[in-house]
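>>> Provided below for reference: sequence and predicted model.
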Amino acid sequence: MVTKHQQILDYIRSLPLGTQISVRKIARVLHVSEGTAYRAIKDAEREGFVSTLDRIGTVRVERKEKAQIERLTFAEVVRIVEGTVLGGREGLHKSLGRLVIGAMKTESISRYLNPGSLMIVGNREQVQRMSLKSGAAVLITGGFTASPMVERLANEYQLPLISCSYDTFTTAALINRALYDQMIKKDILYVEDVVQEQSLATLTPTHSVRDYYHLVEATGHSRVPVVDRNGRLVGIISPRDVAEADSSASIARFMTRHPVTVTPKTTIASASHRMAFEGIEMMPVVRDRHLVGVLTRQDVIRALQIMSRQPQVAETVEDVVVRDFAAVQASEGQVLLRGQVTPQMTTSGGTLASGPLTTIIQEAARVCLRRVRHADMVVENMTLYMLRPIPVDSTIDARAQILDYGRRYAKVEVVIEDEADAFAKALLTAQWIER
């Protein structure tokens, strides 16, 4: 039985791209309450099927695949530059291919125009018309508006015509920063990237323990999700739960209720940490309490291996801090990272800030732990002792040494020093994450 919530989501997916959506319209068409329609629209927005924009409304858009995540839509450009749509609303769902700044003679612009581009220009009407006729959207900077003829062209070609109050340089910088952020997000793996929605081996609370054993024998999976008749997860059954149970008894008496779950939007790193902390081999994947898949430890290990092989296309803050630190020769059993404190890493007083310092300490501990075990780590606890401030332009060493380690946890000591003094000492407790 399909719920009203799922019916609304299916209806939204069936709408053509660019269709405007409203709570009242969906409530009227599908004969549901406005509250139900609102919740479904918000879920669709989280899944990427619709986008809500100021002064425009909610629009059906194309869901981005992982390979396309670095491409912005024109609707997102409107939000980024806080712009106003003057025409071509039907094309807001289209993806932005490249930016072109109209800072040249009109006759020289045509060679840079192609479909999917975004022309950033001021109040130059001839350039605006030329861009639209070439298949490029137009972003007018400086708060200028467009003539009725340009607006008519934008509507005719279904290409967004946007106006914003920023100058050209600020506008291009805002869009480039958004593209950079998208590229960083592209490198992050989520549960939905490794778990495919498929028919699953499940049981219902009315099944018997005997049915559970038959299913385990047929599938080879020992942990089985338990769902109700609507497909909602109600529990997990495992061999430990039914070790002493009668084979004819209902599994409802023995299953583990309220199991640990993840959603498709949970990051693999977070799911891996949860699995290691809880000591479990499998976690159900749920969307709106409905079971959509299962995540196993093998899925996580495979995903982490893929992440380690992929090239880094954009730098995070952590990358910027540690990129100038390199390993140098150290005593046996120790790791030594050496680098310089740059101005970007300092406070307003010219000393190394606590954030970059913590990042350097964790990187030294991570490199040290990888010498003894090919695994990633998550810091559970860190005690930091600041002995003296670290001035800008100093060349410092991060010396790490393992104090103790076991199957799940490790303890590492890290000392930040130069040739003469020790600046800080830290003791970390880290949890292993198999790669």
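Cool, got the structure.
>>> which stretches of the stretch 301-435 of the chain aren't confidently modelled?
Along the stretch 301-435 of the chain, segments meeting pLDDT under 70 span 305-315, 434-435.
>>> just the strands in it please.
326-328, 334-340, 375-386, 395-405, 409-417, 422-434 (DSSP state E, counting those that start in this stretch).
>>> Of these, which is nearest residue 57?
strand 375-386 (41.7 Å; CB to CB). Bear in mind the C-beta positions are built from the backbone N, C-alpha and C, glycine included.
>>> Export the strands of the stretch 301-435 of the chain as a markdown table, with columns for distance to residue 72.
Output for the strands of the stretch 301-435 of the chain, formatted as a markdown table (distance: least, CB to CB, whole Å):
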| stretch | distance to residue 72 |
| --- | --- |
| strand 326-328 | 36 |
| strand 334-340 | 35 |
| strand 375-386 | 31 |
| strand 395-405 | 38 |
| strand 409-417 | 40 |
| strand 422-434 | 33 |
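>>> Quick one: those strands as JSON lines, columns for distance to residue 255 and mean neighbour count too.
Below are the strands of the stretch 301-435 of the chain laid out as JSON lines (distance: least, CB to CB, whole Å; neighbours: other CB atoms under 10 Å):
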{"stretch": "strand 326-328", "distance to residue 255": "50", "mean neighbour count": "12"}
{"stretch": "strand 334-340", "distance to residue 255": "47", "mean neighbour count": "19"}
{"stretch": "strand 375-386", "distance to residue 255": "30", "mean neighbour count": "14"}
{"stretch": "strand 395-405", "distance to residue 255": "36", "mean neighbour count": "18"}
{"stretch": "strand 409-417", "distance to residue 255": "31", "mean neighbour count": "20"}
{"stretch": "strand 422-434", "distance to residue 255": "28", "mean neighbour count": "19"}
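>>> of those strands, which approaches residue 227 most closely?
Of all those, strand 422-434 comes closest under CB to CB, at 29.4 Å.
>>> in the stretch 151-300 of the chain, what spans have low per-residue confidence?
In the stretch 151-300 of the chain, residues with pLDDT under 70: 182-187, 196-199, 277.
>>> Where do the strands of it begin and end?
Under DSSP E, counting those that start in this stretch, the stretch 151-300 of the chain gives strands at 161-163, 224-227, 233-237, 256-257, 282-287, 290-296.
>>> most tightly surrounded among these?
When you average the neighbours per residue for each of these (mean count of other CB atoms under 10 Å), strand 161-163 leads with a mean of 25.
>>> Please state the offset of that strand from the chain centre?
Distance, stretch centre to chain centre, for strand 161-163: 29 Å (CA atoms, centre = their mean, to the nearest Å).
>>> What lies in contact with that strand?
The list of residues contacting strand 161-163 from outside it, by CB atoms under 8 Å, 6 or more residues apart in numbering, reads 74, 77-78, 81, 83-88, 128, 132, 137-140, 143-146, 150-151, 154.
>>> can you check stretch 146-153 too?
The contact list for stretch 146-153, computed with CB under 8 Å, 6+ apart, reads 86, 87, 125, 128, 129, 132, 133, 138, 140, 154, 161, 163.
>>> Likewise for stretch 116-135?
Contacts for stretch 116-135 (CB under 8 Å, 6+ apart): 74, 77, 94-102, 106, 109-110, 113-115, 136-142, 144, 146-147, 149-150, 153-154, 157, 159, 161, 168, 171-172, 175.
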